[in-house]
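Q: the following comprises the amino acid sequence and a computationally predicted model.
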Amino acid sequence: MSDRTVKQRLFGANTLWIGLVLISLIAVFGAIRPDAVLTTFTLQTTLVETSVLLVLSVGMTYVIITSGIDLSVGSVLVFSGVTSAMTMNALNGGNATNAGWGTVFVGLLVALVSGAAWGLLNGVLVAKAGIPPLIVTLGSFGAALGAGQLLSNGSNVAGVPNVLSSSLGTGTWFGVPNLVLLAAVVTAIGALVLGTTRFGRYTHAIGSNEEAARRVGIGVTGHLVKVYLLAGTLAGLAGFMALAYFRVASITGHDTDNLNAIAAVVLGGTSLFGGSGSVVGTVLGVFIPAVLRKGFVIVGVNVYWQPVAVAIVLVAAVWFDQSRRRARKRR
């Protein structure tokens, strides 16, 4: 594999332009309110607020590169948070507030297994049963959320261990929030795997041409199951991170997380048609809406303009991708 191919898979074809868009947004808001935008506090809060979405978006990047989609990640996040919180409470007489690290470890394991179970189900139905990803994940979107509501009787689940919220939720390491550090580690691993390993090459190959990938000996069915399993597991981890940060497993606080993750991946240059994309681009795609939202609040623009601005940028990104693909076909 050439150095150029590795760079493309690590950084993506459009990462430079996306990075320039992000820098331009920061420069504009910074010029208007340098006292509020260009501060350590604003940087820290923006990083913390995007950490959970970033972990979700890493898994979504893999799925979309295979020419798939996963609408269930937000609901899986909720379900994983609920099962984790309820398990930790059950181990401590109904309230895990004063529980130790043993309980936290069990809660993490339950969150990861819960997410992985939904991801595995999605992968089997998509890859083995041949049901379109849109239909499968739309179904699991409702099923996972409904299951979480049934388990919690439709209420938020409190009782999170103080040791979890004070360490992962609000703790820092040399001034950097631990939540951000965890998201950074997951992102770095995701970028390296996608850009430099056989798993990453197979992911791109399946998205480019599934039948051709099958003919050259790639186990397409098994690989797709693994990709959806990865997305589900990361959604479970994101649920545990949200639980640590908010100190409660929220039933209603993640209604648009799935769409936000998809938007971030597409804004980051990953093609909805599959075959191209990068985790580095996704990182930039996550921060464009975050900077818009934070910037609008700081400069006093009605926050409801933020989804309008993101929608314009999103449509422009898809249009650019389609134009590039048409230009490539003409050659």
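A: Arrived safely.

Q: just for the protein, where's the confidence low?
A: Across the chain, the stretches falling below the confidence threshold (pLDDT under 70) are 1-14, 325, 328-331.

Q: what's in contact with stretch 310-328?
A: Applying C-beta atoms under 8 Å, 6 or more residues apart in numbering, the set of residues contacting stretch 310-328 from outside is 13-14, 21, 263, 266-267, 269, 271-273, 288-289, 292. Where you see a C-beta, it was placed from the backbone N, CA and C, and this is true even at glycine.

Q: would you mind checking those residues for buried ones?
A: Buried members of those, counted by 16 or more other C-beta atoms under 10 Å: 13-14, 21, 263, 266-267, 269, 271, 288-289, 292.

Q: just put the residues you listed in a markdown table and tack on secondary structure and distance to residue 229.
A: Formatted as a markdown table, the entries for the buried ones among the contacts of stretch 310-328 read as follows, by DSSP: H, G, I helix; E, B strand; the rest coil; distance: C-beta to C-beta, whole Å:
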| residue | secondary structure | distance to residue 229 |
| --- | --- | --- |
| 13 | coil | 27 |
| 14 | coil | 28 |
| 21 | helix | 33 |
| 263 | helix | 23 |
| 266 | helix | 22 |
| 267 | helix | 25 |
| 269 | coil | 25 |
| 271 | coil | 22 |
| 288 | helix | 28 |
| 289 | helix | 27 |
| 292 | helix | 33 |
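
Q: pipe these into a markdown table and attach distance to residue 37 per row.
A: Conversion of these to a markdown table gives the following (distance: C-beta to C-beta, whole Å):
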| residue | distance to residue 37 |
| --- | --- |
| 13 | 30 |
| 14 | 25 |
| 21 | 16 |
| 263 | 22 |
| 266 | 26 |
| 267 | 20 |
| 269 | 25 |
| 271 | 32 |
| 288 | 15 |
| 289 | 16 |
| 292 | 12 |
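
Q: pick the one among the residues you listed closest to residue 48.
A: Proximity of these to residue 48, judged by C-beta to C-beta, is greatest for residue 289, which lies at 15.3 Å.

Q: so the closest one sits right up against residue 305, yeah?
A: No - counting by C-beta atoms under 8 Å, no contact exists between residue 289 and residue 305, whose distance comes to 12.0 Å.

Q: show me where the stretch 101-250 of the chain has its strands.
A: With DSSP state E, counting those that start in this stretch, the ranges of strands along the stretch 101-250 of the chain come out as 172-173, 176-177.

Q: how about those strands, which one is nearest residue 42?
A: Relative to residue 42, the nearest member of the strands of the stretch 101-250 of the chain by C-beta to C-beta is strand 176-177, separated by 13.4 Å.

Q: can you name the two of the contacts of stretch 310-328 that sit furthest apart?
A: Among the contacts of stretch 310-328, the pair separated by the greatest distance (C-beta to C-beta) is 273 and 292, at 25.8 Å.

Q: contact partners for the closest residue to residue 161 other than its chain neighbours?
A: The shortest distance from residue 161 to any residue other than its chain neighbours is 4.3 Å, reached at residue 99 (C-beta to C-beta, 6 or more residues apart in numbering). Residues near residue 99 by C-beta under 8 Å, 6+ apart: 88, 91-92, 161, 163.

Q: so which bits of stretch 310-324 are buried?
A: Neighbour-count burial for stretch 310-324 flags 310, 313-314, 317, 321 (criterion: 16+ other C-beta under 10 Å).

Q: which one of the residues you listed is nearest to residue 42?
A: Closest to residue 42 out of the buried residues of stretch 310-324 is residue 310 (19.0 Å), distances taken as C-beta to C-beta.

Q: what strand or helix carries the closest one?
A: Per DSSP states H and E: residue 310 is located in helix 305-330.

Q: how about the contacts made by residue 270?
A: For residue 270, the contacting residues are 12, 61, 64-65, 276-278, 281-282, 285, by C-beta under 8 Å, 6+ apart.

Q: ok, residue 110 next?
A: If a contact means C-beta under 8 Å, 6+ apart, then residue 110 has 80, 83-84, 87 as its contacts.

Q: at 7 Å instead, please
A: In this structure, residue 110 makes contact with 83-84, 87, judged by C-beta atoms under 7 Å, 6 or more residues apart in numbering.

Q: tell me where the stretch 151-300 of the chain has helices.
A: Applying DSSP state H, counting those that start in this stretch to the stretch 151-300 of the chain gives helices spanning 162-164, 178-196, 198-208, 210-215, 220-246, 257-267, 279-299.

Q: show me what counts as buried in the shortest one.
A: Neighbour-count burial for helix 162-164 flags 163-164 (criterion: 16+ other C-beta under 10 Å).

Q: quick one on the thing from earlier: redo the strands of the stretch 101-250 of the chain as TSV? Include mean neighbour count and distance to residue 221.
A: TSV is the format used below for the strands of the stretch 101-250 of the chain (neighbours: other C-beta atoms under 10 Å; distance: least, C-beta to C-beta, whole Å):
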stretch	mean neighbour count	distance to residue 221
strand 172-173	12	41
strand 176-177	16	40
